[in-house]
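*Asks:* Next come a sequence and a model predicted from it.
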Amino acid sequence: MHYHTKRGEAIRRMVIIAMFCAMAYVAMLVIHIKVGFLTLDVKDAVITLCGLCFGPVSALIVSVVVPVFELAVSSTGYYGLIMNILGSVAFSVTASLIYKYKKTLWGAVVALLSGAFLMIAVMLVANLVVTPYYMGVTAEAVREMIPTLLFPFNLLKAIANVGVVLLLYKPVSRALRKGGFLPRRVVKEEKGNEALAKSKSRFTTVIVAAVAVLLIAVSMVLIFTVFDGVFDFGISK
């Protein structure tokens with residue numbers, strides 16, 4: 001019986017990972033904005049949702065699998081593969097690891113901000129190492145792009161992904177619980193305070209959703225106002 005239980009859990013975990021891989025890949029195809037040689041998408045948000053729900057190991061697996069499949073529609077080759085894996089791992093694994101030990105709203109905020117900060121730092125360092133080979137330029141030329149392109153772009157990309165996670169985490173986790181993929185949450189409430197607790201929960205949900213929409217809107221507006229280069233929408237890179 002124990003063997004069948006563990007086998008069932010392993011199969012369910014494989015199904016979940018495959019599902020989030022598919023969703024992250026579709027998100028990359030649908031929302032795909034080129035800014036120079038950089039690409040803005042929200043697949044990291046989907047990967048992070050997987051990590052918040054099922055742990056950092058799941059986020060790590062999806063962070064590697066999706067960029068490998070992304071090679072099929074990418075012209076950046078292995079350079080892009082390296083950058084995608086580094087960025088996704090830095091953001092999603094960091095956020096899900098912190099949230100694993102602090103599963104509260106503020107824990108989620110700290111986790112996402114930490115993931116965003118680390119992703120920006122990792123991408124700047126990675127650009128200094130990888131971009132000179134990819135573009136055939138000097139490291140000095142890449143350093144000159146940091147204040148005008150690399151830092152603001154990665155900052156806005158991180159803000160957009162944080163906003164998407166905040167917006168989707170509640171409905172995604174609720175759907176997964178209804179589908180039996182996550183255990184149902186048991187909330188202990190004092191007798192007579194059920195209505196008050198539900199009212200507070202709804203208010204918090206509305207505030208978080210509003211902040212999330214604001215973050216997404218601000219990041220998108222700034223992307224199109226800060227950068228005056230040519231934008232390309234599509235799956236080709």
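*Replies:* Received, thanks.
*Asks:* residues of stretch 125-134 that come out buried?
*Replies:* Buried residues in stretch 125-134, counting neighbours by 16 or more other Cβ atoms under 10 Å, are found at 126, 127, 128, 130, 131, 134. Any C-beta I mention is one placed from the backbone N, CA and C, and that applies to glycine too.
*Asks:* close enough to count as contact, the second one and residue 144?
*Replies:* Looking back up the chat, that one is residue 127. No - in this structure, residue 127 is not within contact of residue 144 by Cβ atoms under 8 Å, at 11.7 Å.
*Asks:* picking that back up, in a markdown table, list the buried residues of stretch 125-134 along with secondary structure and distance to residue 140.
*Replies:* What follows is the buried residues of stretch 125-134, written out as a markdown table (DSSP: H, G, I helix; E, B strand; the rest coil; distance: Cβ to Cβ, whole Å):
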| residue | secondary structure | distance to residue 140 |
| --- | --- | --- |
| 126 | helix | 17 |
| 127 | helix | 13 |
| 128 | helix | 10 |
| 130 | helix | 15 |
| 131 | helix | 12 |
| 134 | helix | 16 |
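*Asks:* biggest separation within those, which pair?
*Replies:* By the measure Cβ to Cβ, 128 and 134 form the most distant pair in the buried residues of stretch 125-134, at 11.7 Å.
*Asks:* what distance separates stretch 84-97 from the centre of its chain?
*Replies:* From the chain centre to the centre of stretch 84-97 is a distance of 8 Å (Cα atoms, centre = their mean, to the nearest Å).
*Asks:* Burial check on residue 7, number of neighbours?
*Replies:* 10 (other Cβ atoms under 10 Å).
*Asks:* and it, what does it touch?
*Replies:* By Cβ atoms under 8 Å, 6 or more residues apart in numbering, the contact set of residue 7 is empty.
*Asks:* Distance of it relative to residue 14?
*Replies:* 11 Å (Cβ to Cβ, to the nearest Å).
*Asks:* re earlier: nearest to residue 221, of the buried residues of stretch 125-134?
*Replies:* residue 127 (24.2 Å).
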